[in-house]
Each structure stands twice: as structure tokens, then as C-alpha cells.
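Peer 1: kindly return the folded structure for what I paste below:
(2 chains)
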Amino acid sequence: MTTTDIPRPADVDSGRRVSKKRSRKTATGGLRQAVSATTLLWLMACLYGFPVLWFVLSSLKPASDLFSYPLTLVPHNPTLSGFRAAWDSANFSQYFINTALVCVITTILTVGVSCCTGYALAKYDNRWLKAFFLCILATTMLPGEVMLAPEFLVVRNLGLYNSFAGIILPAVLTATGCFMFRQFFLTVPDELVEAARIDGARELSIFLRIMVPLSRPIMLTLAILSFQWRWNDYIWPLLMLNDPNKFTVQIGIQSIVGAQNINWSVLLGASVISMIPLIAIFLVFQRYVMSADINAGLKD
Amino acid sequence: MTKRASDVSTSPPRRRSKYTLAPLVLIAANVVLFSLFFVWPAVIGLIYSFTNYTGVGVFQWVGLDNYHNLFGDSTFYDALTRTLLYTVLFVPLNFLVSLLAANLVVNKHAKGGSVARVLFFIPWLLSPIVVGVLWRWMFGENFGLVNYIIEKFGGDAVPWQSNADLSLLVVVMAAAWAWTGFTMLLFIAAIKNVPTSYYEAASLDGAGPWRQFISITLPSIAPTSFIVILLNTINSMKEYPVFVALNNGGPGTSNNLLVQYIYETGFKRGQIGYASAASFVLMLILMAVAVVQLMVNRRVENR
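Peer 2: As a prediction, this is how the structure comes out:
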């Protein structure tokens, strides 16, 4: 992060080797570059931000104003009625609670299990551990969508159909999570482990009392990622859940879209409500996501 | 990912292998999950792809019939070609806009990069379903903002939903928009790892920004580019939720992609065996993509 913005080579060096005329040219070139780069950056950023802005502002319009021409960016009489209608309609509040529950439990399990596995892969040296590492790698090659039907049958055979456990358990093993922890624990000096062993600490208590607290930043990063994956998951909960009382938010939104006549006011309200938790978490913990060493496997 | 220094420094003959119980306890949960939700489905999926299993009751071994039928099934072909077309459009578009975004964000001349980066990233947080709804709202034929603006400037309303190619294009744009933030992060990390001295030397030699980008940045980030292309190809081959929410694979069934095809045959029509065969075709394509990319990557790195 720091290396890129230390000296400005164009300004500092240009005078050294080239003629004065040339250096003035680079200086104005620098200004022109600054203006054009900033303009382009912000043009693009507006292009990216605008759809969300338009969407959120539209959700604040009363249902009667949604389609009234001419379209206006800022709602004339902003109202929360769309949100209220969405929240009350078709059990949406229930969906919201269900999703939150599933996300929190899955995230806790994912972080815990990935932390254990990542530590074992980084700090122990057994042949079968290497083999298991390859197995985890294999899971990134075969996305869940490819095994929809057989995975559904397995979960059904385990008696988990139409239960939250059926959504939670298959999602706990994530290659990305194991990689992240493995990479982190590789950077922790082995001397720390050795010293604790000499002091007579047992293996698991070294892990629990020294390593787990050390890995807190990684835990937070993975927790945010995991929460996002599960919150946004659609196809697996759709297959797994039969009982409308157990539906998740994404299924709820999709069922509004799939209706004969789309109730846009409710749909916009529901969609915006569903965005809030993730955006809030992201804005609070932004630096953990932005600096995350997310590199391989990635989306689970 | 490269090995860290601390990893290499501990390589002298290890005495650690005497620990068996502790690592076994630590990985136990994941071993169980891996066997239950990866090995078992993969094995029975392969077996079912040779049967006419419907999800209940008994089934018969039908050999390669499912695979044979798939290649005579025009619906499957349409889904497959549509998926490939989607991939061919989405991957380069996402690559280009993400690379542009990453370059602008790290550009030392551009002001406000850190705020812009958050703006680029927010679409990635939205669920594919919400992304679909959002673009459906923007590109509605009779009510959407885009057609409103086009008509305002004297154009004719564009049939974004009822023309199959245009509706695929809208999904491509929506997905590229949604994925930019993530791909951009990968590019930013790669660009920041390029030594600044390269650029200093180049600018002393009078190379302009474009020249520096082509001759320094692009070759330096080649490994990341390969990862990006690989990930994006795999992700777009299995895209489904954005389509469902944006136009439900429509108009009609013209934009039903592979995963939707698998879902419909397997779960709506109860042809689990047939759907499993389609899944394995998808898997083979994904593996072929991965192998080709790994090979190309290795050749580039060895050069």
C-alpha cells in the first residue's frame, strides 16, 4: 500500500536527465494526467454507484409514484411504506430471522473448523495431512452446483431435508477458509510452539491458548466472507427447504419476482432490507475485507 | 501463494511427525464433512449418471444412455451453447473493467481512490438475486430507467426483456458489474507488488503511462490474470441466480443455462439420473478449463 505513493517519479526525476523544455512538458503532462485519471475514475465510480443509488431511492417512493412519469431521481414524498409492506408481507420478517440464524451458526462453525484444519495443515508434518490438503484443494475444482442432485440425495438420506442443519452442515467445509488460516499459521514462528512444548503444554492447549487468540484478524475476515456467502446463498436453500416458515430472505425475494404480477414496491423494499446487514458489516469492518489475503478458491 | 520465509526456515529434518493424535483431532470435523458432502455425493452422482433414477424407488442401470441422449437433446445443447456464449462475453468484459478500475484506484494521479474503491466493491456484497432484481428494475421495457432515458433522447424503447440476445447482454453487464469489486481486489494486490523502480526507470526513458501499462504492468500481473480468468470462467459456467431474478432464463427458455437445465431436469422433472449425467458433462468442461489454464500458466511462468 505504501510503496506506490511514496515519490512521484515523474515530478522528481524528470529534471535530472532531460532538458528543461522536456521537463515542463512532463509537468503539464502530469497535471493533465491527474485531471484525466481523476475524471475517469469518478466517471466509472458513478457508473457503479448509480444503479444502487437509483434502486435505494426508488424503494423510498410510495407505490403510486414508482411508475409516474417523468421519472425522478429523488422521491417527492419519501416514505418507508414499501419497507413496511415488505416486512409484513409473506413472512418476510421470519425469513430475515431464519437467514440471520443460519448465517451466524454457519459462520461460527466455518471459522472454528477452518481454524483447526488450517493450523494442523501449517504446523504438523504428516503424510496423510498433505493428502488431506490435496483433498481440500479438490473441493475447489468441483463447485457445489455440479453435484446438486447427488448432494441433495445425500442430505435427504441423512434425514436433514427441510432443516436448517441441511443448509448449514454442507457449507462448513470451505477451502478458502482452510487456506487463509494455513497461510496465517505458516507465518507464526515454530519456536513459539516449541517453547510452549518445552514448558510442558499439551498440543491442543497450545492451539487453544496461544494460536487461536493470535489468529483473531483472520477469524474476523473469514467470518465476514462466510456471512456474505451464506446470506446471499440461493440455490441450496431453495432445494433444501420445503416449509415456507423456514425460507431464507433470498428465496423470499425470488418468490416475489416469480409472482404473476410483480409487486415492485414490496420487491424493492424487501431487496433493500436484505442488503442492509451486509453493507453495514462491510462498512464497519471494511479494512479486514479490503486487505484480505483472498487468493485461491475464493467463493464457496 | 508463495511459501513464506518462516516456512522455509523450519525445513531441517522434522521431528514433528511423532504427533498424530493432535492433528487428527484438529482436522476430524473437516474430514467427516469432506467424506459426507463431497466424496459421497461425487461417487453416487457418478453412479446415478449411468441409471434412470428418479429420486425415489428402484432404478435401472442404463449404461451410457444418459450421455448418449444428452448429445441428442436440443434443450441441453441450447443450454450449453448459451452458457458458453455467456462465458465468452462475461469473462473478457469483467476482466477489462476490473483491470481498469484497479488501475484507476491505485493511480497516484487519481484523487479519491479509496472512496471509489468502496463504490466499486459494494455491488459484490449484493446477492445475485438482488443484483438480478436491481437490473430488472433498471432495464424494464416499459418502466425502466434506461428505456426512459433512451426515449427522452428521442430513441425507441429497446426490448431488453423480450429479445433473447439483449436479455443475455443485460445479464452479462449485471454480472460484470457485480463481480468487478472482487476481481479488482485481486488486481490491486498484484499491481501493488510490481516494483516501483520499474516505472521510475521507464519514465526516465520517456515511456508514457500507456506504454508503461503495456510493457510493465500487464506482464507483471500475468499470474493474477490467469487466476482471474480461471475463476471467472468457472463462476460463469455455473451462473444461475442472476438469470433467475433478472429474466428467469427468458424470454421463454432461450436463456436457460446449464445449472438451470440441471435444476429443472433433476428437481422439477425428477430425472435425477439424467441430471447427474448433465452435471458430469459440466464438471468435465470445468476440469478441462482448469487443466488448460494451468498448462498455459506453467508455460508462461517458465518462459
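
Peer 1: now do the strand or helix carrying B:V228: everything it contacts.
Peer 2: For B:V228, the host element (DSSP states H and E) is helix B:222-237. For helix B:222-237, the surrounding residues in contact (CB atoms under 8 Å, 6 or more residues apart in numbering or on different chains) are A:143, A:295-296, A:298-299, B:83, B:86-87, B:90-91, B:94-95, B:98, B:175, B:179, B:183, B:186-187, B:189-190, B:218, B:258, B:282, B:285-286, B:289-290, B:293, B:296-297, B:300-301. The C-beta positions use only the backbone N, C-alpha and C, and glycine is treated the same way.

Peer 1: list the buried residues in that helix.
Peer 2: Residues of helix B:222-237 classed as buried under the neighbour-count rule (16 or more other CB atoms under 10 Å in any protein chain shown) are B:224-237.

Peer 1: next helix or strand past that helix?
Peer 2: helix B:241-246.

Peer 1: quick one: list the elements packing against that next one.
Peer 2: With contacts defined as 3 or more CB pairs under 8 Å, 6 or more residues apart in numbering or on different chains; DSSP states H and E, the packing partners of helix B:241-246 are helix A:249-257, helix B:128-138, helix B:164-192.

Peer 1: how far out from the middle of the chain is the second one?
Peer 2: Between the centre of helix B:128-138 and the centre of its chain there are 18 Å (CA atoms, centre = their mean, to the nearest Å).

Peer 1: report the inter-axis angle for it versus helix B:164-192.
Peer 2: Using axes from the mean of the first three to the mean of the last three CA atoms, to 10 degrees, the inter-axis angle of helix B:128-138 relative to helix B:164-192 is 120 degrees.

Peer 1: helix B:128-138 near chain A at all?
Peer 2: Yes: with CB under 8 Å from any CB of the partner chain as the criterion, chain A is reached by helix B:128-138 at B:128-130, B:132-138.

Peer 1: avg pLDDT for that helix?
Peer 2: Helix B:128-138 shows a mean pLDDT of 93.

Peer 1: got the angle between it and helix A:249-257?
Peer 2: Going by the same axes, to 10 degrees, helix B:128-138 makes 30 degrees with helix A:249-257.

Peer 1: for the longest one, same thing?
Peer 2: Between helix B:164-192 and helix A:249-257, the angle formed by their directions is 150 degrees, by the same axes, to 10 degrees.

Peer 1: counting by contacts, list what helix B:164-192 packs against.
Peer 2: Going by 3+ CB pairs under 8 Å, 6+ apart, helix B:164-192 lies up against helix A:20-59, helix B:74-106, helix B:113-125, helix B:128-138, helix B:222-237, helix B:241-246.

Peer 1: at 6 Å instead, please
Peer 2: Using 3 or more CB pairs under 6 Å, 6 or more residues apart in numbering or on different chains; DSSP states H and E as the contact criterion, the elements in contact with helix B:164-192 are helix B:74-106, helix B:113-125, helix B:128-138, helix B:222-237, helix B:241-246.

Peer 1: now do the first one
Peer 2: Using 3+ CB pairs under 6 Å, 6+ apart as the contact criterion, the neighbours of helix A:249-257 among helices and strands are helix A:92-123, helix A:264-284, helix B:128-138.

Peer 1: could you redo the last one with a cut-off of 8 Å?
Peer 2: Helices and strands touching helix A:249-257, by 3+ CB pairs under 8 Å, 6+ apart, are helix A:92-123, helix A:235-240, helix A:264-284, helix B:128-138, helix B:241-246.

Peer 1: not counting stretch A:91-108 itself, show me its contacts.
Peer 2: Stretch A:91-108 is touched from outside by A:86-87, A:164, A:167-168, A:171-172, A:223, A:226-227, A:230-231, A:237, A:244-252, A:270, A:273-274, A:277, with contacts defined as CB under 8 Å, 6+ apart.

Peer 1: mean confidence score for the strand or helix carrying A:T221?
Peer 2: Using DSSP H and E, A:T221 sits in helix A:216-232. Averaged across helix A:216-232, pLDDT comes to 91.

Peer 1: and it with helix A:249-257, angle?
Peer 2: Counting by the same axes, to 10 degrees, helix A:216-232 points 30 degrees away from the direction of helix A:249-257.

Peer 1: relative to helix A:264-284, how tilted is helix A:216-232?
Peer 2: 170 degrees.

Peer 1: list the buried residues of helix A:216-232.
Peer 2: For helix A:216-232, by 16+ other CB under 10 Å, it's A:218-219, A:221-232.

Peer 1: residue ranges in the chain under the pLDDT threshold?
Peer 2: Picked chain A for this. Along chain A, segments meeting pLDDT under 70 span A:1-29, A:292-300.

Peer 1: actually chain B
Peer 2: In the predicted model of chain B, residues B:1-17, B:300-303 satisfy pLDDT under 70.

Peer 1: ok, now with 80
Peer 2: Chain B contains residues with pLDDT under 80 at B:1-18, B:55-57, B:250, B:293-294, B:296-303.

Peer 1: just give me the residue closest to the centre of it.
Peer 2: Nearest to the mean C-alpha position of chain B, counting by CA atoms, centre = their mean, stands B:N235 at 2.2 Å.

Peer 1: out of the contacts of helix B:222-237, which end up buried?
Peer 2: Among these, the ones that count as buried by 16+ other CB under 10 Å are A:143, A:296, A:298-299, B:83, B:86-87, B:90-91, B:94-95, B:98, B:175, B:179, B:183, B:186-187, B:189-190, B:258, B:282, B:285-286, B:289, B:293, B:297.

Peer 1: anything in the helix or strand harbouring A:F179 near chain B?
Peer 2: In this structure, A:F179 sits in helix A:175-187 according to DSSP H and E. Yes: using CB under 8 Å from any CB, helix A:175-187 comes into contact with chain B via A:178-179, A:183, A:186-187.

Peer 1: packing partners for that helix?
Peer 2: helix A:92-123, helix A:127-141, helix A:216-232, helix B:5-9.

Peer 1: list the contacts of A:L41.
Peer 2: By CB under 8 Å, 6+ apart, A:L41 lies in contact with B:104-105, B:107, B:110-113, B:116.

Peer 1: scratch that, B:A189
Peer 2: Shown in contact with B:A189 (CB under 8 Å, 6+ apart): B:T224.

Peer 1: and the gap between it and B:T183?
Peer 2: 11 Å (CB to CB, to the nearest Å).

Peer 1: out of the helices and strands packed on helix B:241-246, deepest packed?
Peer 2: By mean neighbour count, with neighbours taken as mean count of other CB atoms under 10 Å in any protein chain shown, helix B:128-138 ranks first of the helices and strands packed on helix B:241-246 at a mean of 26.

Peer 1: elements contacting that one?
Peer 2: Helix B:128-138 packs on helix A:20-59, helix A:249-257, helix A:264-284, helix B:145-152, helix B:164-192, helix B:241-246, going by 3+ CB pairs under 8 Å, 6+ apart.

Peer 1: how does it look with 10 Å?
Peer 2: Where contact means 3 or more CB pairs under 10 Å, 6 or more residues apart in numbering or on different chains; DSSP states H and E, helix B:128-138 is packed against helix A:20-59, helix A:216-232, helix A:249-257, helix A:264-284, helix B:113-125, helix B:145-152, helix B:164-192, helix B:241-246.

Peer 1: Serialize the ones you listed to a markdown table and add fields for distance to A:A196.
Peer 2: A markdown table is the format used below for those (distance: least, CB to CB, whole Å):
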| stretch | distance to A:A196 |
| --- | --- |
| helix A:20-59 | 48 |
| helix A:216-232 | 18 |
| helix A:249-257 | 44 |
| helix A:264-284 | 34 |
| helix B:113-125 | 39 |
| helix B:145-152 | 61 |
| helix B:164-192 | 33 |
| helix B:241-246 | 47 |
